[in-house]
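Undergrad: how does the following fold in three dimensions:
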Amino acid sequence: MPAHSTFSSFLATLYHDHHRWLNGWLRQRTDCPHNAADLAQDTFVRVLLQRESKELREPRAFLATIARGLLVDHYRRASLERAYLDALANLPEPEVPSPEARALVLETLVEIDRLLDGLKPRVREAFLLSQLDGLTYPQIAERMGLSISSIQQYMTLAFSHCYKALYL
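TA: Predicted coordinates for the structure are as follows:
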């Protein structure tokens with residue numbers, strides 16, 4: 001039997017046997033049937049993109065692990081969006097960006113957040129103070145109560161992390 005047929009059968013069985021359960025599991029965690037349905041579908045899309053059938057002893061644990069990651073991403077994005085919209089609410093009317101520009105900025109913020117995921121909080125803070133606020137290393141060191149050499153180490157870690165995330 002061709003590999004794609006085996007995988008299709010695996011995916012169809014997994015979906016048929018566990019979609020309803022996964023949707024309910026997500027509904028309990030989101031309090032929104034629409035978000036739960038979207039996240040359940042996204043979970044199966046992730047499985048589909050793996051393109052390999054697995055011998056699963058615990059299919060619900062497998063699906064819950066994928067869904068949990070998507071749920072974290074969902075809440076992280078919602079938090080970024082709220083913070084961005086709060087910042088926009090303080091702008092004078094003529095400076096408020098168009099809906100298209102807002103969507104582009106939000107996507108960029110989500111991508112930056114994804115890129116910086118995995119950095120220790122202090123490293124991320126130093127990086128953002130440098131790159132977004134334009135502070136010098138001595139200014140960052142003073143603000144964070146650290147030495148300049150610590151900030152240099154943090155920045156090296158942050159740039160290395162970003163390089164690996166983008167190019168490796």
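
Undergrad: next SSE downstream of the longest helix seen in the chain?
TA: The longest helix of the chain (DSSP state H) is helix 59-89. Moving toward the C-terminus from helix 59-89, the next helix or strand (DSSP states H and E) is helix 99-116.

Undergrad: grab the most central residue of the chain for me.
TA: Nearest to the mean C-alpha position of the chain, counting by C-alpha atoms, centre = their mean, stands residue 73 at 3.8 Å.

Undergrad: name the residues that touch stretch 36-47?
TA: When contacts are defined by C-beta atoms under 8 Å, 6 or more residues apart in numbering, stretch 36-47 is touched by residues 11, 14-15, 19, 22-24, 26-27, 29-30, 63, 66-67, 70-71, 74. Any C-beta I mention is one placed from the backbone N, CA and C, and that applies to glycine too.

Undergrad: how about it: buried residues?
TA: Residues of stretch 36-47 classed as buried: 36, 37, 39, 40, 42, 43, 44, 47 (neighbour count, 16 or more other C-beta atoms under 10 Å).

Undergrad: any idea which of the residues you listed is closest to residue 108?
TA: The nearest member of these to residue 108, counting by C-beta to C-beta, is residue 42 at 21.0 Å.
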